[in-house]
Structure formats: structure tokens, C-alpha cells
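Student: based on what follows, work out the 3D shape:
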Amino acid sequence: MSQHTVTLLLGSNLGNPEVNLQIAQKLISSEIGEILTKSKILHYEAVEFVSNYNFCNIALVLKTQFSPVKLLNLIKKIELEMGRTADSAVTKGYTDRIIDIDIVLFNDLKFESTRLQIPHLKHLYQREFSRTLLESIKTH
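Tutor: Sure, this is the predicted structure:
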């Protein structure tokens, strides 16, 4: 099986966000693939909705054998296992969440479906916290 290089962004602002990110990373390592590098955790205010809780965010680069759609399904499974019941793609809006995992890059692939867009343009170009995290893990 071929290995793909994937960049993920994780965020949490409910419960103990830093612990939630640690749990998510362990699940990603065991169910999706080896984490090659990760950024420092960044604390940031909620983006695109109002919240009383700040987010903890982290960027990861990993290797996986899974296709983009299979990867998305595995990510959604992890989010559900951790207690996330409302997906912004379904609710059409953002809310506080125990965990959020987004696929930002998948090799050099450009992919678009109703459920998934790669690259994730908002993270690459519009969200300051995302750009900061992604810049810190760029491989040269």
C-alpha cells in the first residue's frame, strides 16, 4: 500500500481542550497513521462564531495508507468516539466542540466533494491561527 503525507488541524474548546488534543493524537496514531511532526499548541479565540471558550489548536503531519474519503470517515469516527455529535457540515454552522479534526493537505492532491475539500482553503488562506500552525511545521 502506498503511503500518503497528510496535514491535519485539530481543535478543541470544551472540557479539557489540551487533554482532548492528546487523546485525539493517540487515536490518530493508532487508527490512521504515524505522526511525523506536530506544532506547539496554540490558544486562540473561536473563529466564525461567538464562544465563551477559547480553542486549543495543533497541526500534525502524518503518514497514512488511507484514501481521502476513507481518512475522512476515520476522522469522523474518532470525533464521534470522543463525544462530538454535531458536525458543522450537517448543522451548517460552527459551535463549541470537544474535538474538531480537519484534513488540510493530502500529498499534492486537489479533491472536492460535498463532504470534503482538499486543500482546505480556509485553513490555508483565511484563518490566522491555521496559517501560524501550518507555517511552524512546514518541511523544507
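
Student: what's around Lys138, how many residues?
Tutor: 10 (other C-beta atoms under 10 Å). C-beta: built from backbone N, CA, C; applies to glycine.

Student: please begin residue numbering at 872 from this point
Tutor: Got it, the first residue is 872 from now on, which makes the last one we talked about Lys1009.

Student: where does it land on pLDDT?
Tutor: On pLDDT, Lys1009 comes in at 79.

Student: any idea how far Leu995 is from it?
Tutor: According to C-beta to C-beta, to the nearest Å, Lys1009 stands 12 Å off from Leu995.

Student: doesn't Thr985 make contact with Leu943?
Tutor: No. At 11.4 Å, Leu943 does not count as touching Thr985 under the criterion of C-beta atoms under 8 Å.

Student: what's the weakest-modelled helix or strand in this structure?
Tutor: Least confident helix or strand of the chain, by mean pLDDT, DSSP states H and E, is helix 959-962 with a mean of 54.

Student: which residues touch whichever strand or helix holds Arg1002?
Tutor: Using DSSP states H and E, Arg1002 sits in helix 999-1007. Applying C-beta atoms under 8 Å, 6 or more residues apart in numbering, the contact partners of helix 999-1007 are 878, 880, 910-911, 913, 915, 918, 926, 928-930, 975, 993-996.

Student: could you redo the last one with a cut-off of 7 Å?
Tutor: When contacts are defined by C-beta atoms under 7 Å, 6 or more residues apart in numbering, helix 999-1007 is touched by residues 878, 880, 910-911, 913, 915, 928-930, 975, 994.

Student: repeat that for stretch 929-942.
Tutor: 872-881, 892, 896, 899, 903-910, 912, 945, 974, 977, 980, 982, 987, 989, 1004-1005, 1008.

Student: ok, now which ones touch the nearest residue to Phe982 once chain neighbours are set aside?
Tutor: Distance criterion C-beta to C-beta, 6 or more residues apart in numbering; nearest residue to Phe982, sequence neighbours excluded, is Ile989 at 4.3 Å. Residues near Ile989 by C-beta under 7 Å, 6+ apart: 939, 974, 976-977, 980-982.

Student: still on that earlier bit, just want to know which of Leu943 and Thr985 has more residues nearby.
Tutor: More neighbours surround Leu943 than the other of Leu943 and Thr985, with 19 against 6 (other C-beta under 10 Å).
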